[in-house]
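Q: Quick one: sequence plus predicted model below, questions after.
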Amino acid sequence: MTRTQFSILLGLILGYLVLQVHWQYEYPGWSETVNITGSLISFERSADMILLARAKDTSIDFFKALGWSHAHDRYVQLCIFRLASQGLLTKHLPYSENLFKQDIKSHQMNLLDSSLKSIPHISPRHLKQLNGYLDGINTYIETHPRPLEFILFNYRPELFTIADVLTIYKFIAYAGLNDICLIVEKLVLEVLRETDNSDLMKMSFSPHLDGLSDELIEVYKTIKDIRPIGDQETSHVPKLTNSNNWAVSGKLSESGSPLLGSDPHMDISKLPNIFYESHYIGEDGYNIFGISAAGAPGIVMGRSKQLAFSITFGMLDMSDYFVENIENMKYERDGRFYPLTERVISIAGKNCYFYETIEGHSIERSLESVQKPIDSGRYLAAKYALTVDADSKIVDTFFSPVMAKNIFEIKKTFSINSLGTNYVVADSDGNIAYQQGGNVPIRKTSNGLLPLPAWKSENLWQGYLPGEAYHSIINPPEGFVATANNHIQDPEKPVVATFSALSHRVNRINQLLQSKEKLSTEDFKIFQSDTHSLFAEQIVPIVAPHLGSSDIEKELREWDYVSHLDSRPAAFFKLLHQNLKRNVLLQFFTPERADKYIKYSAYPLYVILHKVLESNNSTLLPPAVLQKTVRDTLAQYKGEKYGELEKIDMNNMLFAGKLPSWLGLDRQNIPTSHCFQCVKVGNPRFSQFGAPIYISQAWRMVTDMGTNVVESILPGGPGGNILSNFYAREIDALIEGTYKKIEL
C-alpha cells in the first residue's frame, strides 16, 4: 500500500467514525422493530450482544428475522460469500493472484448454474421461506448505508436472490467441506504418477486402492496440465475440517435428562467468525438458539426447548475426479465422442475458458492454460454431487430442527443433505440419536478414491444412495454417542467414506464420557477444554529409546501428555511432531515435494504418518529417522513453553493483517493451550494458497435437556462490522473456557 493510498484509507476511517452511524453504538438492551414485507419483527441486543428476534409466524418470520440479522451483523461477510461463490471477487475487490485463483475455482465449479436449474423444483412452501430470508436481507440493504469496507472498494451490493442463497450453501458444502475428498484424490494421483510410492499409498488408504493397477498408473502419467495441489483450495469460504459432538442419555447424567456437547472446528484465523449466533422467539411457542452462516438460511447447530442438535463433518465421499479423453473439443464415451459445453468468462480482464461434459464433469486445467481454449489430450475433471433432490432439501435440513418436537421427526430429514454430516441429537423426551447423512453417489467400479477413466461408462456415477444407506443409531445401550470426524461405516451398507480423521479425538472423548458414573454440563465444559493428547501417547514411546539425558528429554519422558501454557515438554513435542512428519516423508519424497505436501495436503498426510507409526516396520520407520528427529528437535528447541509456541492470529477477513494494529481490526499472538488431535483441538497449518490458518473450536455449546439453558462460546462474537462495539468478542472466553448462558 502506497503512502497516498494509506492516507486515503485513514481519512475514510476517520470520516466514517465522525458520521456516527447508528449501528456502531448498539448496546445491551438496544431494540428496534422492523417491518419486513408486512411482518413486524422486534430485535433486541442481549447482555451478551446476541441479536434476539421476536415475531408471530415462525414458519415464515423466522427466515425474515434471520436474513435481517445476517445483513445487520454480518453485512460484509454475507456479500463476500456471495462474491466468492460466484467467482466475482476480482470484479469488486482489489486484484490479487489469490483472488484470481479463487475466481477460477468458483467458475470451474459453476455452482450458480446448478442453483438456477434447481429453483423450479423447490416446493412452494420452501420457496416462500427462502423468499422470507431474502426479504430480511434485502430490507436491510435497502434501508441502511454500505459498510466502510465497501465504500473503500466502491462496491455497491445488489439485492440478493434465491440463486445467490443456494449457491452460497453449495459453496460452503463443496468448496468448504467436500473439497477435502478431491484434495486426497489429487495427492494420491500425484504420488502415483510422479513417484514410485504406490505401496505407501496402498498401505495408507487400504482397502480403497485395491483396484489400483499398473495400467491405471500409466493412464495417470498421460494426464496433461494438472493444476497443482497448492491451487486446489479456496479462500473466503468456511472450512469445516474437524469437529466434535457427543450426547449422553439420562442414565449417565446427574439431572436424569440427556446432555449434548458441540464444538465444530473451523478456521478461526479470520474475523468475523464463520458462524453467527442468533436467538428467535415466536408468538406461536417456538424458541430456538443456535448458529448459522451468513447467506445460508436456517440453524446449523443449536437448541430449542424440545431438541438439541449438532453436526461434525462425516468425511463422506461426495466428489470425484475422473480422467477425460478430449479430442477436438469433444469428450469420449465408449468409443464415441460428444461436444464439450464451453463457457468463456472474463475474469480480471482475462478471457478464461471452462468446459463441462453432459454429466457435469468440470475439466480442471492450470491457471495458465485456462486462459486459452482446450487442446486435445487427457485431463482431470471434477464431479460434485449436485442434485435437484439435495437442493430441494436445503431448507428442511436447517429448518426442521426449529419446529421438531423430538428426534423421530427430523432423523430422516438429516439423512440426505449436501454437507456429508454426522448429526448427534437429543430431545426433551429423553432420547439421543446419531444420524449419518449425505448425498453419496453409487459407484460400480470403485469406492471413489481413485480417479477413473470417464471414457468407460461403467466408471461413471450410477445415481445416489438412498437415505436408508446411511448409518443410524437411536438410544444406544451404552448411553452415549460421540463423533469426531472418525471413520463411521456400517459394514452391512455401501461404502460412504474412503478417508477419515485419525481416531485419537473420538477415543479421548469416549474415555471422558466413561470417566464418571454421572455427568453434568460442567463436566462437558471441562471436556471441551481437555488437552490430553492420545496422539502424543502414541508417539513418545516410539521416540523414547532415542532420547538422551538432557533436561528437556527427561521432561518429555515424564510428561503427562497434557498441553498447558507453561509446559516445556508440550512445546518440545510440538516441534518433535513436526520434525517426525517431515523426516518420515523424506524417506519417500524429495525435500521440495515433502514440504509442498506438508503445506498444502496436511490433513491426508497425517493418515500416512499414522499408518507408518502403526506398521511397526523398521523399513518404513528406521531408527535413523527417529534419531534424526530427536537431533533436529533438540537443535530447534530454545527452552520455550507451550504458550510461547502455540499462538493464534485472528485477522480481518478482508484486510488479512495488512493494516496497522492500532486500528483494532486484528487480534494477534494470542497464546493458547489448544493442541493437535486433542479435544481442545488446535491445528495451525498452511492452506488457501499458502496463507496461514488455524483450525480450532469455532463454537462451543453444552446443554442439559432437563433445563431451558444453553451455554456457549463464539470466539469473535456476533459482530462483523469493524466499527461496532461487539467486534472481536469472546476471544478470551475461548482461551479461558468461560461460557455465557442463554435462557430459552
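A: Perfect, I can see it now.
Q: For the helix or strand hosting T629, give the mean pLDDT please.
A: Counting by DSSP states H and E, the element that carries T629 is helix 623-636. In this model, helix 623-636 has an average pLDDT of 97.
Q: Mind checking what secondary structure V76 has?
A: Secondary structure state of V76, per DSSP: H, G, I helix; E, B strand; the rest coil, is helix.
Q: Under the pLDDT cut-off, which ranges of the stretch 401-550 of the chain? List them.
A: Across the stretch 401-550 of the chain, nothing is flagged by pLDDT under 70.
Q: Now do the strands in it.
A: Under the criterion DSSP state E, counting those that start in this stretch, strands of the stretch 401-550 of the chain are mapped to 421-427, 432-437, 452-453, 472-474, 480-483.
Q: Could you list the buried residues of the fourth one?
A: I take that to be strand 472-474. Within strand 472-474, the residues that count as buried by 16 or more other CB atoms under 10 Å are S472. Bear in mind the C-beta positions are built from the backbone N, C-alpha and C, glycine included.
Q: so what's K350 closest to, chain neighbours aside?
A: Q371 (5.5 Å; CB to CB, 6 or more residues apart in numbering).
Q: what's the helix holding T629 packed up against?
A: helix 534-543, helix 551-558, helix 568-585 (3 or more CB pairs under 8 Å, 6 or more residues apart in numbering; DSSP states H and E).
Q: could I have whatever helix or strand comes next after the last one exported to CSV, CA atoms only?
A: Proceeding C-terminally, helix 568-585 gives way to helix 591-600 as the next helix or strand, assigned by DSSP H and E. The C-alpha trace of helix 591-600 is given here as CSV (Å, rounded to 0.1, in the frame of the first residue of the first chain):
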residue,chain,number,x,y,z
PRO,A,591,12.6,-32.3,0.3
GLU,A,592,10.7,-30.0,-2.2
ARG,A,593,7.9,-32.4,-2.6
ALA,A,594,7.7,-33.3,1.1
ASP,A,595,7.5,-29.6,2.0
LYS,A,596,4.8,-29.0,-0.6
TYR,A,597,2.6,-31.8,0.7
ILE,A,598,3.1,-30.6,4.3
LYS,A,599,2.0,-27.2,3.3
TYR,A,600,-1.0,-28.0,1.0
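Q: quick one: the strands in the stretch 1-150 of the chain?
A: Assigned by DSSP E, counting those that start in this stretch, the strands in the stretch 1-150 of the chain fall at 31-36, 39-45, 51-55.
Q: Please produce a markdown table containing those, extended by mean pLDDT, mean neighbour count and distance to A484.
A: Shown next, in a markdown table, are the strands of the stretch 1-150 of the chain (pLDDT from 0 to 100; neighbours: other CB atoms under 10 Å; distance: least, CB to CB, whole Å):
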| stretch | mean pLDDT | mean neighbour count | distance to A484 |
| --- | --- | --- | --- |
| strand 31-36 | 96 | 14 | 39 |
| strand 39-45 | 97 | 18 | 34 |
| strand 51-55 | 97 | 21 | 31 |
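Q: list the contacts for the residue nearest to K350?
A: By CB atoms under 8 Å, 6 or more residues apart in numbering, the residues touching Q371 are K350, N351, C352, Y353.
Q: quick check: mean pLDDT across the helix or strand harbouring L182?
A: Following DSSP H and E, one finds L182 within helix 179-194. When pLDDT is averaged along helix 179-194, the result is 91.
Q: Please identify the buried residues of that helix?
A: 179-192.
Q: Let me have the helix or strand following that helix in PDB, keeping just the CA atoms, if that works.
A: Next along the chain after helix 179-194, taking DSSP H and E as the criterion, comes helix 198-204. Extracted as PDB, the C-alpha positions of helix 198-204 are listed here (Å, rounded to 0.1, in the frame of the first residue of the first chain):
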ATOM      1  CA  SER A 198       2.300 -46.900  -4.800                       C
ATOM      2  CA  ASP A 199       2.900 -49.400  -1.900                       C
ATOM      3  CA  LEU A 200       2.900 -46.500   0.600                       C
ATOM      4  CA  MET A 201      -0.400 -45.200  -0.800                       C
ATOM      5  CA  LYS A 202      -2.000 -48.600  -0.800                       C
ATOM      6  CA  MET A 203      -1.000 -49.200   2.900                       C
ATOM      7  CA  SER A 204      -2.100 -45.700   3.900                       C
END
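Q: how close does R365 get to I223?
A: 11 Å (CB to CB, to the nearest Å).
Q: Could you name every residue contacting both of those two?
A: Shared contacts of R365 and I223, defined by CB under 8 Å, 6+ apart, comprise Y379.
Q: Between the two, point out the one with more neighbours.
A: R365 (24 against 17; other CB atoms under 10 Å).
Q: in the stretch 601-744 of the chain, which spans are strands?
A: Going by DSSP E, counting those that start in this stretch, the stretch 601-744 of the chain shows strands at 647-652, 667-671, 682-687, 691-697, 700-704, 709-713, 740-743.
Q: so of the ones you listed, which one's packed in deepest?
A: strand 700-704 (a mean of 26; mean count of other CB atoms under 10 Å).
Q: hmm, back to that, so the residue nearest to K350 versus Q578, what's the distance?
A: Counting by CB to CB - Q371 and Q578 are separated by 37 Å.
Q: ok so, going back, output the buried residues of helix 179-194 as a markdown table; include the columns distance to M653.
A: Output for the buried residues of helix 179-194, formatted as a markdown table (distance: CB to CB, whole Å):
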| residue | distance to M653 |
| --- | --- |
| D179 | 19 |
| I180 | 21 |
| C181 | 25 |
| L182 | 24 |
| I183 | 22 |
| V184 | 27 |
| E185 | 29 |
| K186 | 26 |
| L187 | 28 |
| V188 | 32 |
| L189 | 32 |
| E190 | 30 |
| V191 | 33 |
| L192 | 36 |
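Q: tell me which of those residues is nearest to V323?
A: L189 (9.1 Å; CB to CB).
Q: distance of the closest one from K221?
A: Where K221 is concerned, L189 sits at a distance of 10 Å (CB to CB).
Q: quick revisit: so which of the strands of the stretch 1-150 of the chain is nearest Y470?
A: So among the strands of the stretch 1-150 of the chain, strand 51-55 is nearest, using CB to CB, at 33.3 Å.
Q: Please put the alpha-carbon coordinates of that closest one into PDB.
A: C-alpha atoms of strand 51-55 as PDB (Å, rounded to 0.1, in the frame of the first residue of the first chain):
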ATOM      1  CA  LEU A  51     -29.500 -10.400  18.500                       C
ATOM      2  CA  LEU A  52     -32.800 -11.700  19.800                       C
ATOM      3  CA  ALA A  53     -35.700 -11.600  17.400                       C
ATOM      4  CA  ARG A  54     -39.400 -11.900  18.300                       C
ATOM      5  CA  ALA A  55     -42.100 -12.400  15.700                       C
END
